[in-house]
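>>> Kindly return the folded structure for what I paste below:
(2 chains, ligands or ions: 2)
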Amino acid sequence: MLKYILKRLGIAIPTLLILIVFSFVLMRVAPGGPFSSERPLPPQVLANVNAKFGLDQPWHIQLWEYLVGIITRFDFGPSFAYTDRTVNDIIMQGFPVTLTYGAWAFVLAVLIGCALGIAAAVRHNTWLDYLAVGTSIGAQVLPNFVMAPLLVIVFTLWLGWLPGGGWRGGQWPYVIMPVIALGTSYMASIARITRSSMLEVLSSNFIRTARAKGMPATHVIVRHALKPALMPLLSYLGPAFVGMVTGSVIIDVFFSTGGIGQLFTNSAFNRDYSVIMGITILLGALTISFNLLVDILYAWIDPRIRY
Amino acid sequence: MTMLEVTDLSVSFRTQAGTVRAVDKMNFSVAPGQTLAIVGESGSGKSQTVMAAMGLLANNGEVEGSVKFDGRELIGMKSGDLNKIRGQDMAMIFQDPMTSLNPYLRVEDQMVEVLMFHKNMKRKEAIDRSEEMLKTVHLPDPRRILRRYPHELSGGQRQRVMIAMALLCDPKVLIADEPTTALDVTVQAQMLKLFAELTDKFNTALIIITHDLGVVAGLADEMMVMYAGRVVEKGSVDELFYDPRHPYTFGLLHSTPHVQQGRDRLAPIKGLPPNLTNLPPGCAFNPRCAFRFDRCVKERPALIVREHNRLSACFYEGEMTEHDMEEDLVHDREKDVAAT
Ligand SMILES: Nc1ncnc2c1ncn2[C@@H]1O[C@H](COP(=O)(O)OP(=O)(O)OP(=O)(O)O)[C@@H](O)[C@H]1O
Ligand SMILES: [Mg+2]
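Ligands and ions are numbered 1, 2, ... in the order given. Have a look, this model is predicted:
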């Protein structure tokens, strides 16, 4: 097992390095720079600014310094747009916000989605199944840019129960609507995947064997069907988790949560290259880590996978 | 006295192509210590008959009729009560050993749960009993087998694990669906001996489904021949082997090498079994029958008592010889029938 994990890490780390180099090069070849604006700076000022950020160095030196900074000090360098702030500061301001509502959305989506999917499969072709399928289709056709305004209309404007936006350090009235808006469509997908794989497992020969042995229905589901039925979901959950904790531009903008999605768009408009790269690398690192985690979980759950 | 009594058991499946009647009005019973063999070509409904009896049909399946275990009706029984009988008094060995064990659980976990649930054993005790049972089915090194996952075992080993699992609670009725297909000849002989011992010593009622008429001859008291979901002939093994009354039984016997020795060639039954959604008019076997005449195409022969305790469903009353099975002769008859 350990050998397997090390082997996978051996692939993950170079992948991440390639991602860093690749995004660095992309930023450099993109036309325009952080300091090119409608009103060009005087050449002397521009040279000074470039020197301050090391942009006068040959690009391979810049790349090297950048890599060394990340690897040794976990330092993504200074922001190009806010002179007194580092990329780390900016990310650390936005990421906890998205992590909070993203993780809640993930937990709820998984719990409700799985429960709905399993219940629908176990009660296949009954009203419960139709209700679950109907709910998940309904949730899926409501993308978050429709969900978000709907929630605000109902809970803020009509009922006046929840604030329409803001974050306030993550007090729960501010967290609820972002969580629902983000989590609903994920919940629907999870329910759909769980239902169909559970249906397939329940009609397999080894489930028939368990029933022939006289095992009670709940035991058959929990002990015999659950693990195999959740396998297909696992590969979906890795990327889904990353997608959720890194938030969504729409939710950040709509609820003014100040999450990482909002930072990303702001930085793109400001041509704040170092922040864009910092966020890109963070997303990449999370994606790679969670895919690794999913692979390890697979190997751990399914005895047929050999390391 | 009968242990399992099946009356007018029918199974139909809802499919896109319409309703398929896979089993049609089956009647049979097994007494303690008796062995009933069910034979018939692939798709004739052997497995679905016993699945229905055990309450294990697929979701799209529907069952009619009655199945009585020790006098208690199983069809429509509450699942809690049924689960006390299944696995304990009535056990089943499945046809496909490769997929019938749970790939996510160790052999041990799949075996002990039977004993823990039905016999209230502690895990430790259940493991010892499982180990013993693996020894009974001649698996070497049972301790190690218990710790294995199914994918780490060979097909023959898995089949024997299935057999051992079914025997854990000393069932009163054992249903074995082609239990020896994955086994080599020696192990097969060992298992057949084991089954024979079960019926002799422990008075188990055994239903065995097999394609191997050698197994039938060696093990069974009674034999039931199925074709397209119906019984076409039923009687004691001796009578059916030496004096088959249905051309299909006759054909089966003559396409089996073991049964009649010294034959220079086998005569397989020509043609294919019919499509259940589109059965031929009259007798379902008529398109392949060497002895058919015009009545066979118009009317379906009922399963009637021929002599004491012997049933067959055929209009033909005459002699059947191997010569009748020759291909050109069948061909000629086909022309005759077409002409009439
Ligand atoms: N879930 C299902 N839906 C529709 N048809 C089914 C279903 N299960 C079985 N059948 C059909 O029922 C018929 C009888 O199947 P059964 O498994 O009893 O055959 P069998 O006699 O055991 O054959 P074999 O010797 O190959 O095991 C087949 O034609 C099969 O296609
Ligand atoms: Mg079968």
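>>> Now for residue 127, how many residues are close by?
Since you didn't name a chain, this refers to chain A. Neighbour count of residue A:127, defined by other CB atoms under 10 Å in any protein chain shown: 9. C-beta here means a position set from N, CA and C on the backbone, and glycine is covered the same way.
>>> that's the wrong chain, I meant chain B
Residue B:127 sits with 18 neighbouring residues when counted by other CB under 10 Å.
>>> mind listing the helices for the chain?
Because you didn't say which chain, this covers chain A. Secondary structure of chain A, counting by DSSP state H: helices at A:2-29, A:43-52, A:59-73, A:87-122, A:127-140, A:144-151, A:172-202, A:205-212, A:217-219, A:226-245, A:249-255, A:260-270, A:273-301.
>>> was after chain B, sorry
Under DSSP H, chain B gives helices at B:46-54, B:79-85, B:107-118, B:123-136, B:142-147, B:155-167, B:185-201, B:213-219, B:237-242, B:247-254, B:294-298, B:327-339.
>>> tell me, which of the helices of chain A is the model least confident about?
For these, mean pLDDT drops lowest on helix A:43-52, to a mean of 77.
>>> Buried residues in that helix, which are they?
Residues of helix A:43-52 classed as buried by neighbour count (16 or more other CB atoms under 10 Å in any protein chain shown): A:49-50.
>>> Tell me the helices and strands packed up against that helix.
In this structure, helix A:43-52 packs against no helix or strand, with contacts taken as 3 or more CB pairs under 8 Å, 6 or more residues apart in numbering or on different chains; DSSP states H and E.
>>> list the contacts for the residue of the stretch 51-200 of chain A found nearest ligand 2?
Using CB to the ion, the closest approach of the stretch 51-200 of chain A to ligand 2 is made by residue A:200 at 21.0 Å. Neighbour list for residue A:200: residue A:229 [criterion: CB atoms under 8 Å, 6 or more residues apart in numbering or on different chains].
>>> For chain B, see how far away it is.
Note on residue A:200: its distance to chain B, by CB to the nearest CB, to the nearest Å, is 12 Å.
>>> And residue A:284, by the same measure?
Distance from residue A:284 to chain B, counting by CB to the nearest CB: 33 Å.
>>> And residue A:85, by the same measure?
From residue A:85 across to chain B, the span is 51 Å (CB to the nearest CB).
>>> Next, count neighbours for that residue.
14.
>>> how about the nearest residue to it, chain neighbours excluded?
Nearest non-adjacent residue to residue A:85, counting by CB to CB, 6 or more residues apart in numbering or on different chains: residue A:79, 4.9 Å away.
>>> got TSV for the helices of chain A, with distance to residue B:181 too?
Shown next, in TSV, are these (distance: least, CB to CB, whole Å):
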stretch	distance to residue B:181
helix A:2-29	36
helix A:43-52	79
helix A:59-73	60
helix A:87-122	31
helix A:127-140	37
helix A:144-151	55
helix A:172-202	25
helix A:205-212	14
helix A:217-219	29
helix A:226-245	25
helix A:249-255	58
helix A:260-270	59
helix A:273-301	31
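>>> Now distance to ligand 1 too, for those helices, in TSV please.
Below are the helices of chain A laid out as TSV (distance: least, CB to the nearest ligand atom, whole Å):
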stretch	distance to ligand 1
helix A:2-29	39
helix A:43-52	73
helix A:59-73	58
helix A:87-122	17
helix A:127-140	19
helix A:144-151	40
helix A:172-202	13
helix A:205-212	11
helix A:217-219	20
helix A:226-245	20
helix A:249-255	46
helix A:260-270	48
helix A:273-301	29
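>>> Tell me where chain B is predicted with low confidence.
For chain B, applying pLDDT under 70 flags the ranges B:257-266, B:323-340.
>>> Which one of the residues in it is closest to chain A?
With CB to the nearest CB as the measure, residue B:87 is the residue of chain B nearest to chain A, at 3.2 Å.
>>> quick one: that residue and residue B:116, what's the gap?
Distance from residue B:87 to residue B:116, counting by CB to CB, to the nearest Å: 11 Å.
>>> Comparing those two, which residue is more hemmed in?
Comparing residue B:87 with residue B:116 by other CB under 10 Å, the one with more neighbours is residue B:87, at 27 against 14.
>>> OK, contacts around that one?
Residue B:87 neighbours (CB under 8 Å, 6+ apart): A:212-215, B:114, B:117-118, B:169, B:171.
>>> May I have the phi/psi pair for it?
phi 90, psi -20 (degrees, to the nearest 10).
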